[in-house]
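**Student:** sequence unavailable; structure follows:
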């Protein structure tokens with residue numbers, strides 16, 4: 001329980017998803033920030049001993065820094081709610097809405113956010129209906145360059161930009177490596193923007209938008225986590241009206257999906273200034289090269305202050 005040194009916080013990091021290494025880096029950064037804010041922190045991997053550990057320790061708050069299915073598919077969040085452990089972040093139900101890119105896109109399209117035209121394909125239907133027949137329909141329906149990606153997951157793993165339709169079969173195989181459902185969508189050309197949305201008790205608000213400019217032109221896994229492979233602009237170079245429109249769309253996405261405390265919403269802003277929704281992240285990357293820390297710094301606060309506020313909000317919510 002808490003003592004004079006602050007709240008007792010368990011930071012969860014690691015897991016068994018494809019994003020384990022990134023999660024460990026995020027968790028360490030969160031732990032360091034919370035220690036700087038005066039809290040007592042234990043960094044813990046979600047293993048078979050986690051639930052008994054939490055039941056015995058009864059920490060004041062759990063702060064998940066688990067990327068991929070380990071933390072973002074809602075399963076663990078449901079379990080934490082079931083054992084009544086105050087937790088920073090979204091509920092299991094909200095996490096599932098964001099975890100499924102097709103579900104999130106459908107919900108946001110319904111409230112007027114621009115979403116790229118797409119076709120969603122399960123691995124099973126791809127096999128049963130025949131790859132050649134399925135891809136023929138895809139090619140005739142979605143013109144121009146395409147983006148193929150797993151229907152769930154993050155860090156651009158399994159994502160392929162298809163400029164030559166002959167590369168489409170390989171892109172499908174790559175996506176199905178990471179999920180049983182793949183999304184094939186029309187590629188939107190423009191500026192990639194990430195907006196961090198936070199709620200420390202006064203309602204969700206957008207932090208400074210971050211513009212992403214990879215040296216290769218593609219924001220790949222390597223570009224995300226290897227220093228020097230991407231140039232970030234915080235604040236973005238968008239004009240004031242477009243930046244405001246992106247921030248509004250991010251907060252709308254956060255609210256529509258029912259997210260809580262902290263999220264990151266990603267867009268492509270086209271040449272006409274329209275923000276096109278790509279995905280929402282309920283446990284975004286918090287590493288030294290991640291977008292959320294850049295947004296925090298550009299917004300005039302610190303990770304210690306923000307994460308400290310989030311654990312206090314989570315604790316207060318349980319009272």
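**Tutor:** Everything's here; your move. Model, not experiment: these values are computed from the prediction.
**Student:** where in this protein is pLDDT low?
**Tutor:** Regions of the chain meeting the criterion pLDDT under 70 cover residues 1-5, 154-155, 216-228.
**Student:** any idea how far the residue nearest in space to the middle of it lies from residue 214?
**Tutor:** Geometric centre of the chain, nearest residue: residue 281, 2.1 Å, by C-alpha atoms, centre = their mean. Distance of residue 281 to residue 214, computed by C-beta to C-beta, to the nearest Å: 18 Å. In this view, the C-beta of every residue, glycine as well, is placed from N, C-alpha and C.
**Student:** now residue 24
**Tutor:** Separation of residue 24 from residue 214 (C-beta to C-beta): 23 Å.
**Student:** who has more neighbours out of these two?
**Tutor:** residue 24 (19 against 16; other C-beta atoms under 10 Å).
**Student:** on that earlier part again, what bridges to the residue nearest to the centre of the chain?
**Tutor:** Assessed by DSSP bridges, residue 281 has beta-bridge partners residue 264.
**Student:** that one: what's it in contact with?
**Tutor:** 72, 98, 154, 263-266 (C-beta atoms under 8 Å, 6 or more residues apart in numbering).
**Student:** could you do residue 115 as well?
**Tutor:** Taking C-beta under 8 Å, 6+ apart as the test, what residue 115 contacts is 105-106, 108-109, 276-277.
**Student:** check residue 33 too.
**Tutor:** Residue 33 neighbours (C-beta under 8 Å, 6+ apart): 302-304, 307-308.
**Student:** now those residues: which count as buried?
**Tutor:** Buried members of the contacts of residue 33, counted by 16 or more other C-beta atoms under 10 Å: 303-304, 307-308.
**Student:** secondary structure and distance to residue 249 for those - can I get that in TSV?
**Tutor:** Output for those, formatted as TSV (DSSP: H, G, I helix; E, B strand; the rest coil; distance: C-beta to C-beta, whole Å):
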residue	secondary structure	distance to residue 249
303	helix	25
304	helix	29
307	helix	25
308	helix	28
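**Student:** residue 129: which of these is nearest?
**Tutor:** For these, the closest approach to residue 129 (C-beta to C-beta) belongs to residue 307, at 47.2 Å.
**Student:** how close does the closest residue to the closest one other than its chain neighbours get to residue 317?
**Tutor:** Excluding the flanking residues, the one nearest residue 307 by C-beta to C-beta, 6 or more residues apart in numbering is residue 33, at 4.8 Å. Distance check for residue 33 against residue 317: by C-beta to C-beta, it reads 20 Å.
**Student:** one more: residue 311?
**Tutor:** Residue 311 is 11 Å from residue 317, where distance means C-beta to C-beta.
**Student:** of those two, who's got more company?
**Tutor:** residue 311 (27 against 14).
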